[in-house]
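Visitor: below: sequence and its predicted model.
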Amino acid sequence: MLDPSELERYARHIVLRDVGGPGQAKLKAARVLVVGAGGLGAPVLMYLAAAGVGTLGIVDDDVVSLSNLQRQVIFGTSDIGAPKAARAGEAVTRLNPHVAVETHGVRLDARNALDLIARYDIVVDGSDNFATRYLVSDACYFGRKPLITAALGTFDGSLTTIRAHERQSDGTPNPTYRCLFPEPPPPGSIPACAEAGVLGALPGVLGSLMALEVIREIVGFGENLVGRLLMIDARSMRFETLSYAWDPGNPLSGEKPTIKDLSIYK
């Protein structure tokens, strides 16, 4: 049930035919876990909070640094040196006091991933490294949770939705992250953000699209990005989408899976 202040706050949603009161009620009932409160996590958290997602979980063990402020717009100069999860939670509460915030100032790893993911309906991965992306995607498969995951380059980004624990209407399994990217690149082959840089506004664009995909998943309208990878090229301002499918040979959900749990990460 939405109280009078919520009805006014979400009025522009409620008048939308594809959202309406029922859709807004679904948003209020939803629990979303955001992995990483950085460049991607910042806009995701702000837009999901503004949209009225009832509970937001934030996982991040880092602290705010001056170099973060070029793109991580959930923080300000006064936040430098403070824990990201806590300060991001405070920003969410300032924006929308109707949203419950659960902060987890820890690094997501094989020991805590399944427990954390089990508490939420949808997981959003805004992490900045391949090890965490593979861990999150595998954990969501074992935990049977939908995942919205994205990655940033210097002037490019990509976004997809994974529902690998479900099947298509013809009985074919949905693809996993490992169907799209079978193996992580060799260590050191792709420079980190601190080395290569990233265009500051690009995480805002991609993070906003992640939030939009979460909202569409919760409310249930439009065509989601399951089996589709959205790619953004900020140099040419080009958006393209490629399709990908379940790989019978993938080691997680293939015909002969070799990954049976998260022990490979320990």
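Guide: Yes, it's here. Numbering: from 1, shown residues only.

Visitor: what about Tyr123, distance to Asp79?
Guide: Small correction: residue 123 is Val, not Tyr. 25 Å (Cβ to Cβ, to the nearest Å). C-beta: built from backbone N, CA, C; applies to glycine.

Visitor: Asn68 too?
Guide: 9 Å.

Visitor: isn't Thr132 right up against Ala113?
Guide: No - using Cβ atoms under 8 Å, Thr132 makes no contact with Ala113, being 9.5 Å away.

Visitor: more neighbours: which of the two?
Guide: Ala113 (23 against 20; other Cβ atoms under 10 Å).

Visitor: contact partners for the more buried one?
Guide: Contact analysis of Ala113 by Cβ atoms under 8 Å, 6 or more residues apart in numbering lists 135-136, 139, 262.

Visitor: for the longest helix seen in the chain, name the packing helices and strands.
Guide: The longest helix of the chain (DSSP state H) is helix 202-219. If you count contacts as 3 or more Cβ pairs under 8 Å, 6 or more residues apart in numbering; DSSP states H and E, helix 202-219 packs onto helix 20-29, helix 41-51, strand 122-125, strand 147-152, strand 156-162, strand 228-233.

Visitor: looking at the ones you listed, which is buried most?
Guide: Across the helices and strands packed on helix 202-219, averaging neighbours per residue (mean count of other Cβ atoms under 10 Å) puts strand 122-125 on top, at a mean of 26.

Visitor: right, and the helix or strand after it?
Guide: Remark: after strand 122-125, the chain's next helix or strand is helix 130-143, criterion DSSP states H and E.

Visitor: name the residues that touch that following helix?
Guide: If you take Cβ under 8 Å, 6+ apart as the criterion, helix 130-143 is touched by 35-36, 108-110, 113-114, 117-118, 123, 125, 127, 146-147, 149, 151, 162, 164-165, 176-178, 184-185, 190, 252-253, 259, 261-262, 265.

Visitor: who's in contact with the residue nearest the centre of the chain?
Guide: With distances taken as Cα atoms, centre = their mean, Val124 lies nearest the centre of the chain, 2.0 Å away. Applying Cβ under 8 Å, 6+ apart to Val124 gives the contacts 32-35, 41, 44, 147-149, 210, 214.

Visitor: how about the residues you listed in TSV, adding pLDDT and distance to Val59?
Guide: TSV is the format used below for those (pLDDT from 0 to 100; distance: Cβ to Cβ, whole Å):
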residue	pLDDT	distance to Val59
Val32	98	12
Leu33	98	7
Val34	98	7
Val35	98	5
Gly41	97	9
Val44	98	12
Leu147	98	13
Ile148	98	14
Thr149	98	14
Met210	98	15
Val214	98	15
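
Visitor: ok, back up a step: what's the spacing between the residue nearest to the centre of the chain and Arg235?
Guide: 26 Å.

Visitor: among the contacts of Ala113, the buried ones, what's the PyMOL command?
Guide: Remark: buried members of the contacts of Ala113, expressed as a PyMOL selection using 16 or more other Cβ atoms under 10 Å:
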select buried, resi 135+136+139+262
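
Visitor: pLDDT weak spots in the stretch 51-200 of the chain?
Guide: The model of the stretch 51-200 of the chain has pLDDT under 70 over residues 188-195.

Visitor: no more questions from me, cheers.
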